[in-house]
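>>> Any chance you can model this:
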Amino acid sequence: LIGLTGAIGSGKSSVSALLAKRGAIVIDGDAIAKQLQQKGSPTLAKLVEAFGDILLSSGDLDRQKVASIVFNDPEMLKKLNAIMHPAIGDEIMRRINDHMSSQNIVVLDMPLLVENPRDGMSALVIVDVDPELAISRLVQYRGMDEADARRRLANQASRDDRLRVADRIVDNN
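Residues are numbered from 1 along each chain as shown. Reported below is the predicted structural model:
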């Protein structure tokens with residue numbers, strides 16, 4: 001089990017995709033979060049109960065609206081994490097356990113792995129990028145507002161903190 005993480009906009013998903021092409025089993029924390037938040041899910045119901053009017057007219061989660069709420073208020077971010085982290089953690093463990101007796105290389109692709117460390121990993125790989133380049137990528141490729149990108153980056157572990165705990169570093173500048 002190998003942990004893979006990096007700041008938002010670091011290119012972690014690209015590295016993860018390359019590892020999958022080479023045969024690794026990838027457990028993607030972001031994808032799990034999105035699956036748990038699908039229309040009609042119990043997790044989405046908990047989010048609506050906690051945050052109110054956060055659905056699009058289609059009944060899907062309005063991710064931008066949630067981001068505007070939680071990334072401007074540390075207490076709201078804690079509330080979101082209290083709902084999402086246990087659900088994500090349970091699903092991750094289920095998927096890890098599916099491969100426990102195999103010889104597969106399993107990559108746990110998690111954006112907040114430094115902030116929320118996990119036991120049982122053979123290594124922690126950090127995808128590193130200059131924060132200004134990450135912000136530029138978020139604006140250019142994800143269409144984020146620069147101020148929003150900076151807020152999200154500020155809510156994650158610092159670059160120094162990530163590099164300090166890394167077993168391996170992938171320079172993605």
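
>>> from here on, contacts and neighbour counts on C-alpha atoms
Will do.

>>> where exactly do the helices run in the protein?
All helices of the chain, identified by DSSP state H, fall at 12-21, 29-36, 42-51, 63-70, 74-98, 131-142, 146-154, 159-165.

>>> And the second one, what does it pack against?
Right, helix 29-36. If contacts are counted by 3 or more CA pairs under 8 Å, 6 or more residues apart in numbering; DSSP states H and E, helix 29-36 sits against helix 42-51, helix 74-98.

>>> can you put the helices of the chain in TSV and add mean pLDDT?
Converted to TSV, the helices of the chain look like this (pLDDT from 0 to 100):
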stretch	mean pLDDT
helix 12-21	95
helix 29-36	94
helix 42-51	95
helix 63-70	90
helix 74-98	93
helix 131-142	94
helix 146-154	90
helix 159-165	95
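
>>> Tell me the spacing between the residue nearest the centre of the chain and Ala7.
The residue lying closest to the centre of the chain (CA atoms, centre = their mean) is Pro111, at 3.2 Å. For Pro111, the distance to Ala7 equals 7 Å [CA to CA, to the nearest Å].

>>> same check, this time on Gln38
Distance, Gln38 to Ala7, by CA to CA: 25 Å.

>>> got it, and Arg142?
14 Å.

>>> Of these two, give the one with the bigger neighbour count.
Per other CA atoms under 10 Å, whichever of Arg142 and Ala7 has more neighbours is Ala7, with 26 against 11.
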